[in-house]
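Novice: generate a structure from the sequence data that follows.
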Amino acid sequence: MVVSRLERRDQLITVVRMLMGLGPAIKGDLPKPTAEDEATAQATEDTAKE
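Specialist: Okay, the predicted model is just below:
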């Protein structure tokens, strides 16, 4: 039986986080950024430069 690399990686992350006393890893895909998100990011960068 062959286990895929992604599946093995997820198992290793789970074990390591458990041993370190951390919560479960966050999984999922992020949605594509919208124009509003980009405008907010740009405004945040502008205020950080000041």
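
Novice: pLDDT (mean, whole number) over stretch 18-35?
Specialist: Averaging pLDDT along stretch 18-35 gives 86.

Novice: contact partners of that stretch?
Specialist: Contacts to stretch 18-35, defined as CB atoms under 8 Å, 6 or more residues apart in numbering, come from residues 10, 13-14, 17, 41. Heads up, the C-betas are built off the backbone N, CA and C, glycines and all.

Novice: repeat that for 7 Å
Specialist: Applying CB atoms under 7 Å, 6 or more residues apart in numbering, the contact partners of stretch 18-35 are 13-14, 17.

Novice: just want the most central residue of this protein.
Specialist: In the chain, the residue lying closest to the centroid (CA atoms, centre = their mean) is residue 26, at 6.4 Å.

Novice: any idea how far that residue is from residue 13?
Specialist: Distance, residue 26 to residue 13, by CB to CB, to the nearest Å: 11 Å.

Novice: then residue 43?
Specialist: Separation of residue 43 from residue 13 (CB to CB): 35 Å.
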